[in-house]
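K.L.:
Everything below, folded, please.
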Amino acid sequence: MKQSKKILKLLQLAVTIVLLSYLLSRWGYSLNTLQADVKFPFWLLPCFLISIVVTPLLAGWRWQTFLSAIRIKIRLAELIRINFLSIFWGVMLPSSDGFAFIRMALVAHRHPENKEKAIGSIILEKFFGIFILLTTAFCAGFFFKNPQTGRLRLITGLCLFFMLALIAAVAIMPVFQKPVIGKSIFKKVLRFMQILLLSWQQAHKGKLFLGFLLIFSVQLMSYLTIYCLFRFMGYEIPIIYHLSLIPIIQIISLLPVTISGFGLREGAFVFFYQQLGIPANSLITLSMLNFFIQTGIPALIGGLLSLIVNIPIPKAEK
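P.N.:
Take a look at the predicted model:
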């Protein structure tokens with residue numbers, strides 16, 4: 001089992017290197033193009049402010065709200081610290097949101113008495129996070145005048161339907177309500193769905209509504225950061241375009257194909273934004289800069305905290 005996981009990680013690393021190498025060689029990327037891309041440096045200031053201050057506070061408050069909804073009380077400062085630590089330890093995991101599994105392991109390690117409920121709060125938060133991403137892309141697509149908009153709305157609509165259908169199946173069909181034993185991907189997904197439903201049934205619905213607003217607020221900070229990065233590079237793209245395209249790019253980067261979504265994310269940026277007339281090499285720069293600001297800096301803070309707090313690194317697969 002351990003050998004197969006090592007092989008899988010090596011394959012993901014290989015795919016990451018191949019995708020990035022292809023993109024960089026295909027579009028002739030160089031340090032000279034990086035320097036030429038910088039037009040208005042002051043637009044980086046709000047990006048750093050959002051990444052270091054605003055998003056961590058909102059993300060911690062979001063998680064605290066979901067925990068509070070299922071009657072678990074954890075201090076905001078502790079949740080913010082766990083978020084930073086999870087980003088640091090999860091940055092090398094597959095997909096751009098691999099640190100969610102580290103977050104589950106950390107909170108289970110520090111609060112074993114509420115392990116199941118705490119994990120349920122993260123599953124609930126992540127499920128509705130993806131649901132809100134898809135809904136944002138679907139609605140914003142009506143205002144994005146582009147030939148691919150119709151296909152994007154169709155894909156996002158089908159994904160939304162599938163998510164709702166999966167929940168309905170687990171909730172209604174008795175065969176899905178039995179205790180799940182086994183480690184196959186299907187059984188893990190089914191177990192996650194069961195925890196999700198149980199958390200929803202036990203949760204305070206008013207606090208969940210606040211949690212949904214906070215999820216959208218965190219996502220909105222991501223859109224604003226990318227808007228500022230485009231302005232930093234001299235491109236004034238209407239925010240409604242980002243609301244239509246960025247959720248799709250973020251969901252693509254969640255696929256556990258490459259390390260931290262590298263290659264997938266850059267390719268998606270090129271594919272979707274190049275149709276607006278932006279050069280591909282500038283989009284690769286923007287994608288990497290976006291990762292550095294929204295993930296790299298919090299990961300650096302998490303690394304410093306890990307030295308100070310001295311918490312043992314959890315095993316995410318558990």
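
K.L.:
Skipping adjacent residues, who's closest to residue 130 in space?
P.N.:
In this structure, residue 130 finds its nearest non-sequential neighbour in residue 251, 6.7 Å apart by Cβ to Cβ, 6 or more residues apart in numbering. (Each C-beta comes from the backbone N, C-alpha and C, glycine too.)

K.L.:
distance of the one you found from residue 23?
P.N.:
Counting by Cβ to Cβ, to the nearest Å, the separation of residue 251 from residue 23 is 19 Å.

K.L.:
And for residue 271?
P.N.:
Using Cβ to Cβ, we find residue 271 at a distance of 11 Å from residue 23.

K.L.:
Between those two, which has more neighbouring residues?
P.N.:
Taking other Cβ atoms under 10 Å, residue 271 and residue 23 do not tie; residue 23 has more neighbours (21 against 16).

K.L.:
Contacts only, for the more buried one.
P.N.:
29, 263, 266, 267, 270, 280, 284 (Cβ atoms under 8 Å, 6 or more residues apart in numbering).

K.L.:
Sort out which one of the residues you listed lies nearest residue 51 for me.
P.N.:
Nearest to residue 51 among these is residue 266, at 19.0 Å by Cβ to Cβ.

K.L.:
That closest one reaches residue 288, doesn't it?
P.N.:
Yes: contact criterion Cβ atoms under 8 Å: residue 266 and residue 288 qualify, at 6.9 Å.

K.L.:
out of these two, which sits in the more crowded spot?
P.N.:
Set residue 266 next to residue 288 and count neighbours by other Cβ under 10 Å: residue 266 wins out with 29 against 18.

K.L.:
In this protein, which helix is the longest?
P.N.:
Ranked by number of residues, the top helix in the chain under DSSP state H is helix 205-232.

K.L.:
ok, residue 227 - contacts?
P.N.:
237, 239, 242.

K.L.:
give me that answer again for 6 Å
P.N.:
239, 242 (Cβ atoms under 6 Å, 6 or more residues apart in numbering).

K.L.:
any idea how far it lies from residue 250?
P.N.:
Distance of residue 227 to residue 250, computed by Cβ to Cβ: 14 Å.

K.L.:
can you check residue 196 too?
P.N.:
For residue 196, the distance to residue 250 (Cβ to Cβ) stands at 20 Å.

K.L.:
How about residue 13?
P.N.:
Applying Cβ to Cβ to residue 13 and residue 250 gives a distance of 22 Å.

K.L.:
Done for today, thanks.
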